[in-house]
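Participant: quick one: sequence plus predicted model below, questions after.
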Protein chains: 2
Amino acid sequence: MEYTPAPLVKAAEQFARLPGIGMKTAQRLAYHILSLPTETVREFSEGVLSARESVHFCDRCQNFTSVKSVFEPANVVTGSHNDILCPICEDTARRNSRTICVVESPRDVSVFERTGGFDGVYHVLHGLLSPMDGTRPEDIRVKELMERLSGDVDEVIMATNPTIEGEATAAYVGRLVKAVGIKVTRLAYGLPAGAALEFADDVTLTRALENRNEL
Amino acid sequence: MEYTPAPLVKAAEQFARLPGIGMKTAQRLAYHILSLPTETVREFSEGVLSARESVHFCDRCQNFTSVKSVFEPANVVTGSHNDILCPICEDTARRNSRTICVVESPRDVSVFERTGGFDGVYHVLHGLLSPMDGTRPEDIRVKELMERLSGDVDEVIMATNPTIEGEATAAYVGRLVKAVGIKVTRLAYGLPAGAALEFADDVTLTRALENRNEL
């Protein structure tokens, strides 16, 4: 590609490092960048970098949070050791901190918050146990969860995905939590809303039947 | 999304401005960015911005070229008015500048170069005429093409896409070029290599029949 300017190739390589973006799409994006006004590209570039630089982990639930909130008065009151807390952990008035919902990633927090049906708090593991990928318990935030359990906690909901890794992680972490004497629950299995029976897989159907509820 | 840090939302919005990236993918990319080391994100951010800042248009063919080459000795010799020239226009030894291949975008130059079968030079229009989108002749680089024709040019190949806009642009620009007394050609239509006859559309099949060659 000697006829393609080196910075263009480099930009395409950068795009290709993002998940789900192959070399073809990356090249298309790089060419698109060149067709934009420099100011727009600068906004893009700075927006992405500033997201990485200004977003930190909540010291309690490990979810992403904007670091700015440390300097806000509300936090100084809440945080015992000047902890950086996310808006959910900070909101002790409306959030029941005795129920912890354990999820794989910050995205899952957004998903639950979207439903508006959960008033507890979260714990983000930032990964799942996976012998295949070599992810061990010390690679995800299990230790941080266990430390939280020394406070007043009634229930820990294992809300990892219903995949092999999600199940294994729920089982492993659930066992640790149970050992401390705290109630552990798992998300219900069953038919997704609006689904057609004929398209449900066998495992889902079997579980939906097993866990049937009285009307 | 008050539970999502503002910089994260902003980064997602920036990604969503790229072509072919919806809000869902943009959010996924933004979350991914946060999981990367700051240094990696900085490389990404700077790679993209520097592509926009350091890549300019070739003063002759309007293709993208790295501005760095202005300061290289080769260019000072070639460029009459200190023009910024791309490597293809600069390479007068191996490139036949009497044949100009007119394409829609810099990507198309890459496509032709990949085949290695063309030794002429290019002219990038940076768009196609489109009454629907309001793209008029003065919005694409037709004027720049006409200025090049005052030199020694034998043939102009209209190599725009075989779409409605591509055809209209080829017809319009072709007429202008012909008026100056220069030979104009258009890419051949026919069956794509490796295609099955039964899947060819009617227009393609009709043209393949019309333009049949003697064996």
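Facilitator: Thanks, I have the structure now.
Participant: which other helices and strands contact the strand ranked longest in chain A?
Facilitator: Across chain A, the longest stretch assigned as strand under DSSP state E is strand A:96-103. Identification of packing neighbours for strand A:96-103 by 3 or more C-beta pairs under 8 Å, 6 or more residues apart in numbering or on different chains; DSSP states H and E yields helix A:106-115, strand A:120-124, helix A:142-148, strand A:155-158. Backbone N, C-alpha and C define where each C-beta goes, glycine included.
Participant: again, only using 7 Å
Facilitator: With contacts defined as 3 or more C-beta pairs under 7 Å, 6 or more residues apart in numbering or on different chains; DSSP states H and E, strand A:96-103 has these neighbours: strand A:120-124, strand A:155-158.
Participant: pick the most buried one from these.
Facilitator: strand A:120-124 (a mean of 24; mean count of other C-beta atoms under 10 Å in any protein chain shown).
Participant: tilt between that strand and helix A:106-115?
Facilitator: Computed by axes from the mean of the first three to the mean of the last three C-alpha atoms, to 10 degrees, the angle separating strand A:120-124 from helix A:106-115 equals 160 degrees.
Participant: tell me the mean pLDDT over strand A:120-124?
Facilitator: Average pLDDT, strand A:120-124: 95.
Participant: need the helix or strand of chain A with the lowest average pLDDT.
Facilitator: Every helix and strand of chain A was ranked by mean pLDDT, DSSP states H and E. The lowest is helix A:73-78, at a mean of 43.
Participant: measure residue A:5 to residue B:179 for me?
Facilitator: Using C-beta to C-beta, to the nearest Å, we find residue A:5 at a distance of 34 Å from residue B:179.
Participant: out of the two, which sits in the busier spot?
Facilitator: Neighbours per residue (other C-beta atoms under 10 Å in any protein chain shown) separate residue A:5 from residue B:179, with residue A:5 holding more: 27 against 10.
Participant: is it true that the more buried one touches residue B:63?
Facilitator: No. Residue A:5 lies out of contact with residue B:63 (C-beta atoms under 7 Å); the separation is 9.1 Å.
Participant: what about residue A:56, how many residues nearby?
Facilitator: Every residue meeting other C-beta under 10 Å relative to residue A:56 is counted, giving 17.
Participant: actually, residue A:9.
Facilitator: Considering only other C-beta under 10 Å, residue A:9 is surrounded by 18 other residues.
Participant: which element, helix or strand, includes residue A:14?
Facilitator: Assigned by DSSP states H and E, residue A:14 belongs to helix A:6-16.
Participant: now check that helix, is it near chain B?
Facilitator: Yes. Applying C-beta under 7 Å from any C-beta of the partner chain, one finds helix A:6-16 in contact with chain B at A:6-8, A:10-11, A:14.
Participant: ok, the most centrally placed residue in chain A - contacts?
Facilitator: Chain A has residue A:105 as the residue nearest its centroid, 1.7 Å off, counting by C-alpha atoms, centre = their mean. Each residue near residue A:105 by C-beta atoms under 7 Å, 6 or more residues apart in numbering or on different chains is listed here: A:124, A:126.
Participant: how near is it to residue A:58?
Facilitator: Counting by C-beta to C-beta, the gap from residue A:105 to residue A:58 is 14 Å.
Participant: go on, residue A:92?
Facilitator: Separation of residue A:92 from residue A:58 (C-beta to C-beta): 14 Å.
Participant: got it, and residue A:163?
Facilitator: Separation of residue A:163 from residue A:58 (C-beta to C-beta) stands at 25 Å.
Participant: with residue A:166 instead?
Facilitator: Distance check for residue A:166 against residue A:58: by C-beta to C-beta, it reads 22 Å.
Participant: try residue A:134
Facilitator: Taken as C-beta to C-beta, the span from residue A:134 to residue A:58 is 26 Å.
Participant: neighbour count winner among the two?
Facilitator: residue A:58 (25 against 7).
Participant: might you report the residue contacts of that one?
Facilitator: A:65, A:84-86, A:89.
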